[in-house]
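**Student:** No sequence on hand, only this structure:
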C-alpha cells in the first residue's frame, strides 16, 4: 500500500484544505488512503491560531498593505535560487521529522509553503514523488519548481508559464483546480431558469470580505430570490434572519458536499469572491458567476485572469440598487447567456484531457 501525504497550510478553512479534501476523496475512491498534515499547526499549534487570526485581520483592515506586500514577495518572475530563509528556519527540521516518521511515497502540496520546503528537501528523499496541486489561477514565486515531479495546473496560461520556466511538459497535467467529485455530477442549465431567479451569495464564512455590505444594500424587487450562504459567520446569519424578507434567505453552515451540490443545482447563478475553489466548482456546474468583492492578494490575481477569460462578471462597481435589474437582464438575454456558455465550455474543454482519477492512477 502506498503511503500518501497531503500538505495544505494553516487550519482555517481555505481553498488549500478544500482541494486537499477533494484529493483525499478521490484517492479513497481508488482504495487508497492519504493523511492530511498542516505543518504549521503540527509544529506550532498555539502560534498557528494567532497567525491565522492575524492574517484574517490584516486582509480585513489593511487590504492595500497586504496586497502590496503580497505582490512584492510572491509575484513576478520566478527565480530558482531565491531563498525564503525565515520559512526554512521555522519549518525545515519539522518537515524532515514528518518525512522520517511517515516515509511517504507521494506527497501532494496544495499550498506553496510545503511545496517550497519539499522542493528544497527532495534530493534527500529521491524515491518520494512530490506533486504541486495549484489552488488559484496563477502560480506565485514560493511554489517549488525544479525538484517537483508533477504539476496539476488550473489553466492553460499556468501550463505555458511553467514550460517557459523549464518544466518538462510531460510532468504538467492540465486538470483544473481539483474540486470534490460530488460537484462534477450534473450541471446547472441557465436556459431553464425563470423569475424569480435563485442567486446564491457566498464568501463570508470567515467573517471577512464585503458580503455583509452587499446584503445590507439588497433591495429585492421580486426578480431574484437571494440565498445567503453564511457558513460559520453567526453575525451574518443573525442579521439575514432578522430581515424576515421573503426574497432573502439565510442558509446556515452546510455539513456536506451533497447539500452544497443540491443548492448549486437549484441556483441560476452565484455572487461570490474569486476564490479558486469556489470559482472552479461554479465552472464545473456552469453557474454564471458575479464577483462583488475580491480579497487582496490571491483573489485579486484570480479576478484579473478570470475577467480576461470572460469567465466571470465583475460587479464591484455596479450601483447596488441596480444590481438585481442587471442580473435579471443577463438571464433574460439569450445572447449574454450563450456568450457566457461559450467561454465556460472553452475552459472546460481545455481541462477535459485529464480526469483526476486517471492522473492519480498514472502517477501513483
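**Tutor:** That came through fine. Since we're looking at a predicted model, the values are computed, not measured. Numbers count the residues shown, from 1 in each chain.
**Student:** which stretch of helix or strand covers residue 96?
**Tutor:** For residue 96, the host element (DSSP states H and E) is helix 85-102.
**Student:** which strands and helices sit next to that helix?
**Tutor:** Applying 3 or more CB pairs under 8 Å, 6 or more residues apart in numbering; DSSP states H and E, one finds that helix 85-102 contacts helix 39-43, helix 112-121. Any C-beta I mention is one placed from the backbone N, CA and C, and that applies to glycine too.
**Student:** Outside of the last one itself, which residues are in contact with it?
**Tutor:** Helix 112-121 has contacts (CB atoms under 8 Å, 6 or more residues apart in numbering) with 7-9, 39, 74, 84, 87-88, 91-92, 95-96, 99, 107, 109, 130, 132, 140, 142-148.
**Student:** Tell me the buried residues within these.
**Tutor:** Among these, those that count as buried by neighbour count (16 or more other CB atoms under 10 Å) are 7-9, 39, 74, 84, 87, 91, 95, 99, 107, 109, 130, 132, 140, 142-145, 148.
**Student:** Which of these fall in strands?
**Tutor:** In this view, the buried ones among the contacts of helix 112-121 that belong to strands under DSSP state E are 7, 107, 109, 130, 132.
**Student:** surely residue 33 meets residue 6?
**Tutor:** No. Under the criterion of CB atoms under 8 Å, residue 33 lies out of contact with residue 6, with a separation of 10.7 Å.
**Student:** Which one of those two is surrounded by more residues?
**Tutor:** Higher neighbour count among residue 33 and residue 6: residue 6, with 27 against 11, using other CB atoms under 10 Å.
**Student:** Point to the helix or strand of the protein where mean pLDDT is at its lowest.
**Tutor:** Sorting the helices and strands of the chain by mean pLDDT, DSSP states H and E puts helix 45-61 at the bottom, at a mean of 51.
**Student:** worst average pLDDT in the helices and strands packed on helix 85-102?
**Tutor:** The weakest mean pLDDT among the helices and strands packed on helix 85-102 belongs to helix 39-43, with a mean of 65.
**Student:** shaky segments in the stretch 101-250 of the chain?
**Tutor:** Screening the stretch 101-250 of the chain residue by residue with the criterion pLDDT under 70, one finds the ranges 184-193, 204-210.
**Student:** can you pull out the helices in the stretch 201-350 of the chain?
**Tutor:** For the stretch 201-350 of the chain, the helices identified by DSSP state H, counting those that start in this stretch occupy 211-217, 234-243, 257-266, 276-285, 298-308, 323-332, 334-350, in order along the chain.
**Student:** gap between stretch 251-262 and the chain center?
**Tutor:** Distance, stretch centre to chain centre, for stretch 251-262: 17 Å (CA atoms, centre = their mean, to the nearest Å).
**Student:** Contacts for that stretch next, please.
**Tutor:** Surrounding stretch 251-262, the residues in contact under the criterion CB under 8 Å, 6+ apart are 180, 182-183, 185, 205, 227-232, 237, 263.
**Student:** Now list the buried members of those.
**Tutor:** The neighbour-count test (16+ other CB under 10 Å) applied to the contacts of stretch 251-262 identifies 180, 182, 183, 205, 227, 228, 229, 230, 231, 237, 263 as buried.
**Student:** if you look at these, which of them are in strands?
**Tutor:** With DSSP E as the criterion, strands contain 227, 228, 229, 230, 231 from among these.
**Student:** So in terms of bridging, what pairs with the first one?
**Tutor:** Residue 227 forms beta bridges with residue 200, residue 249, as assigned by DSSP bridges.
**Student:** can you check the last one too?
**Tutor:** Per DSSP bridges, the residues bridged to residue 231 are residue 252.
**Student:** Of the buried ones among the contacts of stretch 251-262, which is the nearest to residue 28?
**Tutor:** Distances from residue 28 to those, taken as CB to CB, are shortest for residue 180 (11.5 Å).
**Student:** Stretch 307-314: how far from the chain's middle?
**Tutor:** For stretch 307-314, the distance from its own C-alpha centre to the chain's C-alpha centre is 16 Å (CA atoms, centre = their mean).
**Student:** Now do it: distance from first to last residue.
**Tutor:** Length of stretch 307-314, first residue to last, CA to CA, to the nearest Å: 7 Å.
**Student:** Just read off the phi/psi values of the closest residue to residue 328 other than its chain neighbours.
**Tutor:** Counting by CB to CB, 6 or more residues apart in numbering, the nearest residue to residue 328 once its immediate chain neighbours are dropped is residue 223, at 4.2 Å. Dihedral pair for residue 223: phi -80, psi -20, per degrees, to the nearest 10.
**Student:** What is the neighbour count of residue 223?
**Tutor:** By the measure other CB under 10 Å, the count of residues near residue 223 is 17.
**Student:** Identify the residues contacting the closest residue to residue 98 other than its chain neighbours.
**Tutor:** Across the structure, with CB to CB, 6+ apart as the measure, the residue nearest residue 98 apart from its sequence neighbours is residue 37 (6.2 Å). Shown in contact with residue 37 (CB under 8 Å, 6+ apart): 5, 6, 7, 98, 102.
**Student:** name the element the first one belongs to?
**Tutor:** Assessed by DSSP H and E, residue 5 sits inside strand 4-7.
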